[in-house]
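Engineer: Just the structure for this:
(one chain, ligands or ions: 1)
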Amino acid sequence: MVDRPNKPAALASTPGLPPQPQVHISHANSRVSAVLPTGESVEVLLFGATVISWKDRAGNEKLWVSDAAKLDGSKAVRGGIPLVFPVFGTAPDHAATSKLPQHGFARNSKWEFLGKSSSESASSSHSDASVKLDFGLSSATLDEKTRELWPYNFSAIYSVTLTPDGLSTGIVITNDGKEPLECQVLLHTYLRINDITKVQVTGLEDSEYIDKVDGAQTKSQPGVVAITGETDRVYTPAKGPSSPVVVTEGGETAFSVVRDNLKDVVVWNPWTEKAAGMGDFEPKDGFKNMICVEAGSVRGWTSLETGDAFEGAQTISY
Ligand SMILES: O=P(O)(O)OC[C@H]1O[C@H](O)[C@H](O)[C@@H](O)[C@@H]1O
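Structural biologist: Here you go, the predicted model:
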């Protein structure tokens, strides 16, 4: 019997050439998903433009999503990559965003799928094919109630790029209005890990952070970060955005996060009590299997003059 390679999910035939594997995209059920010829996949919910799944070529999920996460648009998704904009947490002292819910409205708004672009190599292996999915949100498409709470004219484009090497997510926010606006942005990424007690985060050494579980005191990180209890810290890494923040597990690299123009990194794990108190956090011991490493610009405010744009992105590899 002759050994045959598995037939790829989607085939393109060009006259004279054998069929080539392609990036496969589907857009249905209020979500967009893409599968590379090499097997990696990503799934994005239009609600919040939330990435709810990212799998490697063997089908292993790289993101943590709660079993009780609401995927029906009734609540921000507990897991994946919710988008935080235009405020991180709540900001009672910042007049422009003080009326907004925790983490703003981007994660609770319906985004529009703007389309995809894929790049596929000319080689027969197609081992470096990648895909970029673009999503849009603007003041024109926001619901009226939200527009009243934050009456600025803006447009945002969020791009999710899947390659065989990793996942990049990036946002461009433009001030389309006649007055300046101030905002904060964060990519609230829930990384899936096997055992939180074996995890260390490197790349934050000697960095200043705000310890949200210790009276918002400003502290300095002496060495690598280990998680031994509820952790909620806003770091401004001393090494700058292009130096990776690496999550290791049992000494092996599990994820490496490289930032582009996102100066801050939030490290969050709710641990037992906080997880127990969140209705949409299941299983309750799921905190052992996740760590949030959230690239953002959240200490202070980004000011955008009329016509100005802010651009920030992260690339996660493993
Ligand atoms: O429960 P959420 O609104 O999704 O927020 C979840 C978490 O997000 C960030 O990591 C904040 O630093 C935490 O203080 C917050 O608890």
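
Engineer: Residue numbers of this protein in contact with the ligand?
Structural biologist: For the chain, the residues in contact with the ligand (C-beta under 6 Å from any ligand atom) are 76, 89, 102-103, 212, 232, 266, 268, 292, 294. For every residue, glycine as well, the C-beta is placed using N, CA and C.

Engineer: ok, the residue in the stretch 1-150 of the chain positioned nearest to the ligand to Phe154 distance?
Structural biologist: Closest to the ligand within the stretch 1-150 of the chain is Gln102: 4.4 Å, counting by C-beta to the nearest ligand atom. For Gln102, the distance to Phe154 (C-beta to C-beta, to the nearest Å) stands at 20 Å.

Engineer: and what of Ala58?
Structural biologist: Counting by C-beta to C-beta, the gap from Ala58 to Phe154 is 40 Å.

Engineer: Compare those two and say which is more crowded by neighbours.
Structural biologist: Phe154 (22 against 7; other C-beta atoms under 10 Å).

Engineer: dump the residue contacts of the more buried one.
Structural biologist: 138-139, 173-177, 181 (C-beta atoms under 8 Å, 6 or more residues apart in numbering).

Engineer: Measure how buried Gln22 is and give me the count.
Structural biologist: Around Gln22 there are 19 residues (other C-beta under 10 Å).

Engineer: That one and Val35: what is the separation?
Structural biologist: 9 Å.

Engineer: Show the average pLDDT along the helix or strand hosting Glu148.
Structural biologist: Element membership for Glu148 (DSSP states H and E) is helix 144-149. Per-region confidence: helix 144-149 scores 96 on mean pLDDT.

Engineer: Pull the residues that contact that helix.
Structural biologist: 99-100, 105, 109, 139.

Engineer: Filter these down to the buried ones, ChimeraX style.
Structural biologist: The buried residues among the contacts of helix 144-149 can be selected in ChimeraX (16 or more other C-beta atoms under 10 Å) with this line:
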select :100,105,109,139
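
Engineer: Thr163: which of the contacts of helix 144-149 is nearest?
Structural biologist: Ser109 (27.2 Å; C-beta to C-beta).

Engineer: Go ahead and confirm the closest one touches Leu137.
Structural biologist: Yes - the pair Ser109 and Leu137 passes the contact test of C-beta atoms under 8 Å, sitting 5.7 Å apart.

Engineer: Residues in contact with both of those two, list them for me.
Structural biologist: With C-beta under 8 Å, 6+ apart as the test, Ser109 and Leu137 reach no residue in common.

Engineer: And the pLDDT at Ser125?
Structural biologist: Ser125 is given a pLDDT of 58.

Engineer: Same check on Pro241?
Structural biologist: 80.

Engineer: cool, and Gly300?
Structural biologist: Reported pLDDT for Gly300: 97.

Engineer: and what of Gln22?
Structural biologist: For Gln22, the model assigns a pLDDT of 88.
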